[in-house]
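Asks: This is the structure alone, sequence omitted:
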């Protein structure tokens, strides 16, 4: 499993290892078809505040190896891999920022005795997934068609990611520039194993809810939600606030699934919460 490591600069003063994250490690875990480079903007901000930031590519995504058995593309496998990564980093505790799938992995891990999570930011996911959003994801996951050039590839990605909210060209480039890889016969294709779709496509029904895991979490939690998300419903969010560890909630207007944590309006609440 590959990961991207961001180290704080040495030296005195703000932005040089002595900010809100001084001595802390943040682990940023991406969504279903994405990779660790999604967090470049957030990582730079966290490093400026003294954090050491680690952004893995989950198996089958980005620079990580693909699994020989596609049935292992499951949350349980990702939990095991992230535990191994944290041990490799030689730290006892991490602050975890998890988008979508990355939040599901965190919920399972944070429910276990002796887990390494100190504080948890969950980005637009909950113990129960809205069926409408799940069907939308099933409609595109595994589609690794080849595009003739980057412009056509980026245009297709814009259509797929329309629910993520508005982005200017520069912001969207942050989401697209590391998403594609050269296809064997020429052109560009999505940088993930299309076999990751097998697990989600094979289960025609809704995945089992994770409320028992949520109830067992014992650390502070911040939940981010796109106000028009079709993955994290208002009812699920309400139940999350009333049960388990409880949570603080920040919603972003005119954003669906999932907030990309590139715009300042989305970055600021995360940095503020971690700072407190």
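Replies: Yes, it's here. Just so you know, these numbers come straight off a predicted model, no measurement behind them.

Asks: List the buried residues of the lowest-mean-pLDDT helix or strand in the chain.
Replies: Least confident helix or strand, the chain: helix 197-202 with a mean of 82, by mean pLDDT, DSSP states H and E. Residues of helix 197-202 classed as buried by neighbour count (16 or more other CB atoms under 10 Å): 197, 199. To be clear about C-beta, it is placed using only N, CA and C from the backbone, and glycine gets the same treatment.

Asks: ok, now stretch 178-185?
Replies: 178, 179, 180.

Asks: And for stretch 169-176?
Replies: Neighbour-count burial for stretch 169-176, counted by 16+ other CB under 10 Å, picks out 172, 174, 175, 176.

Asks: In JSON lines, list the residues you listed along with distance to residue 90.
Replies: Conversion of the buried residues of stretch 169-176 to JSON lines gives the following (distance: CB to CB, whole Å):
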{"residue": "172", "distance to residue 90": "36"}
{"residue": "174", "distance to residue 90": "30"}
{"residue": "175", "distance to residue 90": "32"}
{"residue": "176", "distance to residue 90": "34"}
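
Asks: Outside of the next helix or strand after the least confident helix or strand of the chain itself, list whatever touches it.
Replies: Downstream of helix 197-202, the first helix or strand assigned by DSSP states H and E is helix 211-216. Applying CB atoms under 8 Å, 6 or more residues apart in numbering, the external contacts of helix 211-216 come out as 107-108, 110-112, 126-128, 239-240, 243-245.

Asks: any idea how far the nearest residue to residue 37 once chain neighbours are set aside is from residue 225?
Replies: In space, residue 37 comes closest to residue 178 once its chain neighbours are excluded; the distance is 3.7 Å by CB to CB, 6 or more residues apart in numbering. Relative to residue 225, residue 178 is positioned 25 Å away (CB to CB, to the nearest Å).

Asks: Please identify the buried residues of stretch 141-155?
Replies: Here stretch 141-155 shows 141, 142, 144, 147, 153, 154 as buried, counting by 16+ other CB under 10 Å.

Asks: Contacts for that stretch, please.
Replies: Contact with stretch 141-155 is made by 32-33, 156, 172-173, 176, 180, 183, 185-190, 192, 194-198, 200-201, as judged by CB under 8 Å, 6+ apart.

Asks: In helices only, show me these.
Replies: Among these, the residues falling in helices (DSSP state H) are 156, 172, 173, 176, 197, 198, 200, 201.

Asks: ok now do the third one, which residues does it touch?
Replies: I take that to be residue 173. residue 154.

Asks: cool, and the first one?
Replies: Contact partners of residue 156, counting by CB under 8 Å, 6+ apart, are 145, 147.

Asks: Residue 60 and residue 68 touch, don't they?
Replies: No: counting by CB atoms under 8 Å, residue 60 does not reach residue 68; the two are 10.7 Å apart.

Asks: So which of these two has more stuff around it?
Replies: residue 60 (22 against 7; other CB atoms under 10 Å).

Asks: could you list every residue that touches the residue nearest to the more buried one when sequence neighbours are not counted?
Replies: In this structure, residue 60 finds its nearest non-sequential neighbour in residue 193, 3.8 Å apart by CB to CB, 6+ apart. Contact partners of residue 193, counting by CB under 8 Å, 6+ apart, are 60, 61, 66, 67, 70, 73.

Asks: In TSV: the buried residues of stretch 169-176, plus distance to residue 38 and pLDDT.
Replies: Compiled in TSV, the buried residues of stretch 169-176 are given as follows (distance: CB to CB, whole Å; pLDDT from 0 to 100):
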residue	distance to residue 38	pLDDT
172	12	94
174	8	93
175	7	94
176	11	95
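
Asks: who's residue 3 bridged to?
Replies: Bridge pairing for residue 3 (DSSP bridges) gives the partners residue 56.

Asks: all helices of the protein, in order?
Replies: Here the chain has its helices, by DSSP H, at 40-48, 75-89, 101-110, 131-138, 150-160, 169-176, 197-202, 211-216, 234-242, 264-275.

Asks: Averaged pLDDT, the last one. What do you get?
Replies: Throughout helix 264-275, pLDDT has a mean value of 96.

Asks: and the angle for it with helix 40-48?
Replies: If you take axes from the mean of the first three to the mean of the last three CA atoms, to 10 degrees, helix 264-275 sits at 40 degrees to helix 40-48.

Asks: Also the third one?
Replies: Relative orientation of helix 101-110 and helix 40-48, computed by the same axes, to 10 degrees: 50 degrees.
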